[in-house]
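Peer 1: need a 3D model of the following:
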Amino acid sequence: MTSIEELRAEARRLTQAVNAVSDPRTKEELAARALELSQRAEALERAMADPWLLRANINRYRSLLGSGTLSDDQTRVVQEMLADAERLLGNSKKQAP
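Peer 2: Presented below is the predicted three-dimensional model:
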């Protein structure tokens, strides 16, 4: 799993790269990916503080993926967030006394 700090660092790097690119489509794609990574980092940070929220997010992500209503990009993001949350839950179970 990518750490929260790594997600945020990559989001910052992409945000800075937006300024160095002249193509509007590329700028939009970089900015969108930076936002996704930032949102993932925030979701992970909140989930780490609340195991109940973590389990609720996992259920919500699974429900979204099963709904068949997401675009390809949305599916990719939700799959990444689900994988992060499941790893985080697995790690928290291993650390429990």
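Peer 1: contacts, neighbours, all on C-alpha from now
Peer 2: OK.
Peer 1: helix or strand with the lowest mean pLDDT in this protein?
Peer 2: Lowest mean confidence among the helices and strands of the chain (mean pLDDT, DSSP states H and E): helix 72-95, at a mean of 83.
Peer 1: report the buried residues of it.
Peer 2: Residues of helix 72-95 classed as buried under the neighbour-count rule (16 or more other CA atoms under 10 Å) are Thr75, Val77, Val78, Gln79, Glu80, Met81, Leu82, Asp84, Ala85, Glu86, Leu88, Leu89.
Peer 1: kindly report the same for stretch 45-52.
Peer 2: Quick answer for stretch 45-52 (16+ other CA under 10 Å): Ala47, Met48.
Peer 1: please save the CA atoms from it in PDB.
Peer 2: Coordinates of the C-alpha atoms in stretch 45-52 are reproduced here as PDB (Å, rounded to 0.1, in the frame of the first residue of the first chain):
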ATOM      1  CA  GLU A  45      -6.100   9.200   7.200                       C
ATOM      2  CA  ARG A  46      -9.700   9.400   8.400                       C
ATOM      3  CA  ALA A  47     -10.100   5.700   8.200                       C
ATOM      4  CA  MET A  48      -7.000   5.000  10.300                       C
ATOM      5  CA  ALA A  49      -8.600   6.900  13.200                       C
ATOM      6  CA  ASP A  50     -11.900   5.000  13.100                       C
ATOM      7  CA  PRO A  51     -12.100   1.300  12.400                       C
ATOM      8  CA  TRP A  52     -15.900   1.500  12.100                       C
END
